[in-house]
Structure formats: C-alpha cells, structure tokens
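In: Predicted model, plus sequence, below.
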Amino acid sequence: MASARGETSFSVDLVILTALTSELAVLLQKAKGTSGRWSLPWSAPARNETLSAVASRLAVSAVGDEPAWSEQLGGFGDGRAHPSGAPLSVAFVATVAHETATAERGFHWFPARDLPPIAPRHGLMVHAGIEALRMAIDRAPIAFRLLPEKFTLTELQRMYELLLGKRLHKASFRRSLQAAALVSPTDEWRSEGRGRPAQLYTFAPRRKRKTPRGVRFDLLSGAGV
C-alpha cells in the first residue's frame, strides 16, 4: 500500500491469507511504478502508531474487516527489493474468513502455490507467513475462525488439511479432536451428499486448563496435498 507520507526508514507489510475455492490464497495489489509486478499490502506507520495498529489498518483497507487471527513475523531487511525502497520491513501474517474475504478495489486473491511476480522481499514474507500459520495451528483456533459458526467434522478436517498442506488420517484426526475437547456437538445435522446426514459442531468454549488445548498433529499421518 503506497504511503502518502514520503520515504520512510521502514515499512509495515501484511501477508493476508484465506481459504478460497479449496486452496490457500494470498491477497496482493498491483505495485505502483512497476510493470506487471504485484505487492503485499504495506504502509509507513503514522506518528505514534503501533506496528500492530498499522497491520490492522492494512487489513481493514484491503478486505474491509479486522483479521480473524494475526501474528507478527519479524523484521525483513537483507537488501532484497521492496516497493517502497525502505531498507527494513516489519511483517505480519493474518487470516480472514472466506465468507468475508472480499478484496477491496485494487486487491486480488491469488493461489499461494501460484503467485504472480512480486518483490523479492515480499516473496520471503509470504513463505514465512505460511510457515508461521502452520506452526500456530496447534495453539490458536485459526481453522475454526475460517469456518462458519456451525460445521461438520469433515469440513473441519478439510480446513486443517488446506492450512497444513497435507492430508490427515480421518480416524486419528477425530480422536485428537475428542482428546483436545475442541468441539461441541449440536442438535443439527446436514446432508453431505449420499449417505447419512452429518452432525454439526461448534468450537468449544475455552475452559480453565493447566495445559493448552490443541490437536496433536504428530499423531496424524498422510500424504501432502
């Protein structure tokens, strides 16, 4: 995102991810002053504006809403090119639910596996953002925040698979969910094609625990997707 404040010593950049058409997608905008190159949303911070506030502002301007989850990735400043020319960038990664993942004017979603030409520093940020997302899935309810309030266990597993980039063993996944006490059944059911309707679940309210809840992915097996 171009800044109207002139040159800056550093920029704040945001990797926005969503689950779109059964794949992980990244939000980009056309980089100004370049031919055919795209960029992540970025901005220079305003006076007394915190880094997280800049990231939040970037998300609202790009998709019209606050992110469902966000995390700071750290600093990037190894001399690789950036659209602003800033020698240093502080990057964040964020996710938005696919129902609200409407890109504002000038922004477009691209499959993470097939991005158009982007600035080298932004390419590093996208890679780091996806890795950070996958590392955080076990300790943050990211997958749940990308789904409707009520979902089937099949939908939940597919979301985990999409975010992790690998297939999970169905029985092991459900045993892990039960052990982690992450979902609560509802009295509602939904048809998923042929066969019996599937029960709908919700994300379980957080309880006071001595240990954090999470799905133990080391107990799951499967091939990459």
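Out: Structure's in. What do you need? Numbering: from 1, shown residues only.
In: Not counting residues beside it along the chain, what's closest to V93?
Out: The shortest distance from V93 to any non-neighbouring residue, by Cβ to Cβ, 6 or more residues apart in numbering, is to G129 (3.5 Å). Using the backbone N, CA and C atoms, a C-beta is placed for each residue, glycine as well.
In: Count the residues that sit near the one you found.
Out: Around G129 there are 25 other residues, counting by other Cβ atoms under 10 Å.
In: go on, Q178?
Out: Count around Q178 with other Cβ under 10 Å applied: 10.
In: And it, how far from L153?
Out: Plainly put, Q178 is 10 Å away from L153 if you go by Cβ to Cβ, to the nearest Å.
In: List the residues that contact S39.
Out: For S39, the contact set (Cβ atoms under 8 Å, 6 or more residues apart in numbering) comprises L28, Q29, K30, A31, P83, I118, A119, H122.
In: Which of those residues fall in strands?
Out: Mapping the contacts of S39 onto strands (DSSP state E) picks out L28, Q29, K30.
In: so V183 touches L177, yeah?
Out: Yes - counting by Cβ atoms under 8 Å, V183 touches L177, with 5.6 Å between them.
In: Which residues are in contact with each of those two?
Out: Contact criterion Cβ under 8 Å, 6+ apart; residues shared by V183 and L177: L153, L156.
In: buried residues in the longest helix along the chain?
Out: Secondary structure of the chain read by DSSP state H shows that its longest helix is helix 120-136. For helix 120-136, the neighbour count (16 or more other Cβ atoms under 10 Å) marks R121, H122, L124, M125, V126, A128, G129, I130, A132, L133, R134, A136 as buried.
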